[in-house]
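> Got a predicted structure plus its sequence, pasted below:
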Amino acid sequence: MSAIALFLALLGGRACASHRMVLTYEPALVELTGVLDLQTFPGPPNYESIQGGDEIERHFYLKLESPIDVLPKGEHPTIDNPEAERNVQILQLAISGEDELLWDRFRKAGKGGRVKIKGTLFHRFTGHHHSRVLLSVDQMDSIGFRPEED
């Protein structure tokens, strides 16, 4: 009897995990909602310590309201073997350096601003990528602010 209960519990846990939205890497267009966050990491030359002389790298991130799974589908235009990533809760945002209007909108929305972002997903592939999956931003709409957390 306990083996059956264990089997049902495991099956139920798997079913809960499968309720996450499943998305694919570029070129598929996605729309995700979450909270903006600005994080700082050490950059070149060693990617280890800002105090030790590495450059400062600041990037915007999207903390998702609900985790997602990202799976490869067909041929991937950027890298040969994109990896499946499960339970993704935060995405580094890739924003074109030439798109000053978009950068200005991110600055105005600020840390803690709730946003809806449209773009494409890709897997990390350099030392500048600090999340497993990144979101290349095409469009962003501000949808308010989250309440301050203590």
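All right, it came through fine.

> Going by C-alpha atoms from here, please, whenever you check contacts or count neighbours.
Noted.

> Next, the buried residues of the helix or strand harbouring Val137.
Here Val137 sits within strand 133-145, counting by DSSP states H and E. Neighbour-count burial for strand 133-145 flags Val133, Leu134, Leu135, Ser136, Val137, Asp138, Met140, Ser142 (criterion: 16 or more other C-alpha atoms under 10 Å).

> List the neighbouring strands of it plus their orientation.
Strand 133-145 has the following sheet partners, assigned by DSSP bridges: strand 85-94 (parallel), strand 113-123 (antiparallel).

> Can you give me the separation between the closest residue to Leu23 other than its chain neighbours and Leu134?
The shortest distance from Leu23 to any non-neighbouring residue, by C-alpha to C-alpha, 6 or more residues apart in numbering, is to Val70 (4.8 Å). Per C-alpha to C-alpha, to the nearest Å, Val70 is found 11 Å from Leu134.
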